[in-house]
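[1] This is the structure alone, sequence omitted:
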C-alpha cells in the first residue's frame, strides 16, 4: 500500500507514507470541550496501542449506502483520503480516551474528525510479555489439537469480559469457539503460525 496523505487541513500532517503494517485500533467519537479535544473509543480493553506512538493514521468512516442521516447532526469525518494526526496528549477517561492533537484547536475541528477510523503501525506496539499476544497476531493462525487434527483457522476473537475466545473456522465452514486460556491452550507459535489446543473435533 503506497497511500500518501495530503491537504494539511484540520492540522493533519502531509506527505507521510501510510505504514504497510497499519492496524485499526479505534474510532474517533464526539468533541470534548471547546479547545479541540475529542473522545476516542478503543477496540481493546487495554488500549496501549493508542499510547505507544504520537502519530495516528486516519481513514474516513465507512458509510453504508442509503444510511439515514439525522438532520442537524454534526459532520462525520470530513476526510476524503488517509491522513495522519500528531497526538499531543491522550489519557483514559472511563471506557474512552480523551485526546488533543496538533492543529485541532476548536470544537469544529474536533467534530470534523468524528467517526474517523484510527490506525497505528504494528511495529510501534509495545512488546508483550512472553505469555501475551496481540489479537492481530493471532488472526489467521492454524489451530490444531493434541492429536494434530486441524480445528480451523482463527477468524476472530471474542471478548467475553472474563477472557477471550478464539473463533475458528475450518474448510467445511464449521465454527468452533475455544476459550483462549491456559486450561485449553497448550502453545502458541507465531513463527509457525500455529496454536495447539486441548480440544476435540466433536466439542
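    Ah, there it is. Quick caveat: nothing in here was measured; it's all calculated off a predicted structure.
[2] So which residue is dead centre in the protein?
    Nearest to the mean C-alpha position of the chain, counting by C-alpha atoms, centre = their mean, stands residue 25 at 2.0 Å.
[3] burial measure for the residue nearest to it when sequence neighbours are not counted, as a count.
    Counting by C-beta to C-beta, 6 or more residues apart in numbering, residue 25 lies nearest to residue 49, which is 4.7 Å off, once chain neighbours are set aside. C-beta: built from backbone N, CA, C; applies to glycine. For residue 49, the count of nearby residues is 24 (other C-beta atoms under 10 Å).
[4] where's residue 49 relative to residue 26, distance?
    According to C-beta to C-beta, to the nearest Å, residue 49 and residue 26 sit 8 Å apart.
[5] Identify the contacts common to the two.
    residue 42 (C-beta atoms under 8 Å, 6 or more residues apart in numbering).
[6] where does this protein have low pLDDT?
    Scanning the chain for pLDDT under 70 picks out 1-15, 62-82.
[7] Could you list every helix and strand in contact with the host helix or strand of the residue nearest to the centre of the chain?
    Element membership for residue 25, per DSSP states H and E: strand 22-32. Judged by 3 or more C-beta pairs under 8 Å, 6 or more residues apart in numbering; DSSP states H and E, strand 22-32 is in contact with strand 37-42, helix 48-51, strand 96-101, helix 107-111, strand 117-121.
[8] Identify whichever of those lies nearest to residue 144.
    helix 48-51 (28.8 Å; C-beta to C-beta).
[9] what sits up against the closest one?
    23, 25-26, 40, 42, 56, 90, 97, 118, 120, 124-126, 134.
[10] Adjacent strands (with direction) for the helix or strand just after it?
    Sequence order places strand 55-59 as the next helix or strand after helix 48-51, per DSSP H and E. Its sheet considered, strand 55-59 pairs with strand 83-93 (antiparallel), strand 117-121 (antiparallel) by DSSP bridges.
[11] in strand 55-59, what counts as buried?
    Burial within strand 55-59, assessed by neighbour count using 16 or more other C-beta atoms under 10 Å, is assigned to 56, 57, 58, 59.
[12] Could you break the chain into its assigned domains?
    9-124, 135-197 (automatic domain parsing).
[13] Could you say which of these is packed most deeply?
    Highest mean neighbour count among the domains of the chain (mean count of other C-beta atoms under 10 Å): domain 9-124, with a mean of 16.
[14] roughly how far is that one from the heart of the chain?
    Computed by C-alpha atoms, centre = their mean, to the nearest Å, the chain-centroid distance of domain 9-124 equals 12 Å.
[15] Do I have it right that residue 176 meets residue 199?
    Yes: with contact defined as C-beta atoms under 8 Å, residue 176 reaches residue 199; the gap is 7.2 Å.
[16] so what's in contact with these two at the same time?
    Joint contacts of residue 176 and residue 199 (C-beta under 8 Å, 6+ apart) are 143, 151.
[17] And stretch 117-130, end to end?
    For stretch 117-130, the first-to-last residue distance is 30 Å (C-alpha to C-alpha, to the nearest Å).
[18] how close does the residue nearest to residue 25 get to residue 131?
    18 Å.
[19] from the contacts of helix 48-51, which single one is nearest residue 84?
    The closest of the contacts of helix 48-51, once distances to residue 84 are taken by C-beta to C-beta, is residue 56, at 6.9 Å.
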